[in-house]
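[1] Sequence and predicted structure below; questions after.
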Amino acid sequence: MITKITHLTLYVLDQNKAYDIYVNKLGCKVHTDMTMENGFRWLTVTPPEQPGLEIVLAEPKPPMFGEEQAQAVRGLLEQNALGGGVWSTEDCQKTYEALKAKGIEFLKPPTQEFYGLEALFRDGCGNWFSLTQHTPEQGGK
């Protein structure tokens with residue numbers, strides 16, 4: 001029986017840029033950063049309060065994809081067309097202001113929604129996310 005998920009993959013165009021954004025701007029911690037003999041870089045980060053979840057920041061290329069599929073995924077990333085999920089925060093407005101000051105591009109400022117206060121942003125690597133301060137009914141404080 002499945003008990004939990006330990007790794008999720010986010011595809012990015014450039015792992016060096018993703019490293020900078022996820023570590024220096026979004027505040028993630030590097031879990032693993034190693035290059036294998038075949039040149040494949042295994043780069044994972046963890047959210048500050050979720051050390052058991054590794055986010056794999058991977059460039060779409062062989063051996064995970066054939067060249068045609070890799071090109072299709074890169075095309076979506078170049079259009080900022082991949083959605084990555086929801087980042088939780090205790091203070092959406094404060095986090096929005098801090099991330100915006102670090103150069104994170106927001107698509108929507110903090111706006112009250114039925115589930116909490118939400119802003120939308122791009123990671124600069126081809127993905128977009130929700131930044132959400134959940135209402136108490138949705139698990140917020």
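    That came through fine.

[2] Tell me who's in contact with Leu117.
    Cys92, Gln93, Pro110, Thr111, Thr132, Gln133 (C-beta atoms under 8 Å, 6 or more residues apart in numbering). (Each C-beta comes from the backbone N, C-alpha and C, glycine too.)

[3] neighbours of the third one, just the number please.
    The one in question is Pro110. By other C-beta atoms under 10 Å, 22 other residues sit near Pro110.

[4] what sits against it?
    Cys92, Gln93, Tyr96, Leu117, Glu118, Ala119, Gln133.

[5] For those residues, work out which two are farthest apart.
    Gln93 and Glu118 (11.1 Å; C-beta to C-beta).

[6] after the strand or helix carrying Leu8 comes which helix or strand?
    Assigned by DSSP states H and E, Leu8 belongs to strand 7-11. Note on strand 7-11: by DSSP H and E, the next helix or strand toward the C-terminus is helix 15-19.

[7] Output that next one as PDB, restricted to C-alpha atoms.
    The C-alpha coordinates for helix 15-19 follow below in PDB (Å, rounded to 0.1, in the frame of the first residue of the first chain):
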ATOM      1  CA  GLN A  15      18.900  23.900 -13.700                       C
ATOM      2  CA  ASN A  16      21.400  26.600 -12.700                       C
ATOM      3  CA  LYS A  17      18.700  29.300 -13.000                       C
ATOM      4  CA  ALA A  18      16.200  27.000 -11.200                       C
ATOM      5  CA  TYR A  19      18.700  26.500  -8.400                       C
END
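
[8] Ser88 and Thr132 touch, don't they?
    Yes: the pair Ser88 / Thr132 is scored as a contact, 6.0 Å apart, by C-beta atoms under 8 Å.

[9] coming back round to it: mind giving me the ChimeraX command for buried ones among the contacts of Pro110?
    Those of the contacts of Pro110 that count as buried under 16 or more other C-beta atoms under 10 Å are selected in ChimeraX with:
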select :92,96,117,118,119,133
